[in-house]
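Engineer: Can you look at this prediction? I've put the sequence above it.
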Amino acid sequence: MYRIRRVYRTKPGEAGNVAKLVYAQAKLYRDAGHRSDFTVSYNGYTLPGERNIVILEWTDDKIMSPGREGNNIPPEIMEAGMKYRPLLEEQHIEFYEMVDPASMGDK
């Protein structure tokens, strides 16, 4: 099982707006069967730590390219992404393999 994290660095003051738009797009992905349940979190400027950050996380059994053959992404999902792209400075994706509790002797 993998935890997949997409990290968005927003333009100053846009983290809350981007978080709402990313949430809307992630919901479309989930509802279309392309992703599992997800979380979206952000830090605008009121919390300690890195500012102007939005984080989208979900889990999946496999890491698969969204551009793979036969994967048809509905146009409304792509349109949703176009709404927040002008508000970003950069973005990247991270992949983490999750520890299986059964392999650690836990039930």
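Structural biologist: All right, it came through fine. Numbers count the residues shown, from 1 in each chain.
Engineer: which parts of stretch 6-24 are buried?
Structural biologist: Residues 6, 8-10, 14-15, 17-19, 21-24 are the ones in stretch 6-24 that count as buried (16 or more other CB atoms under 10 Å). For glycine as for every other residue, the C-beta is placed from the backbone atoms N, C-alpha and C.
Engineer: wait, stretch 97-104
Structural biologist: Of the residues in stretch 97-104, none are scored as buried under the neighbour-count criterion (16+ other CB under 10 Å).
Engineer: From the chain's centroid, how far away is that stretch?
Structural biologist: With CA atoms, centre = their mean, to the nearest Å as the basis, stretch 97-104 stands 23 Å off its chain's centre.
Engineer: Any idea how far apart the tips of it sit?
Structural biologist: Taking CA to CA, to the nearest Å, the first and last residues of stretch 97-104 lie 14 Å apart.
Engineer: ok, back up a step: mind giving me CSV with the buried residues of stretch 6-24 and columns for pLDDT and distance to Ala80?
Structural biologist: Output for the buried residues of stretch 6-24, formatted as CSV (pLDDT from 0 to 100; distance: CB to CB, whole Å):
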residue, pLDDT, distance to Ala80
Arg6, 97, 14
Tyr8, 98, 14
Arg9, 97, 19
Thr10, 97, 16
Glu14, 96, 16
Ala15, 96, 17
Asn17, 97, 13
Val18, 98, 12
Ala19, 98, 13
Leu21, 98, 7
Val22, 98, 9
Tyr23, 98, 10
Ala24, 97, 6
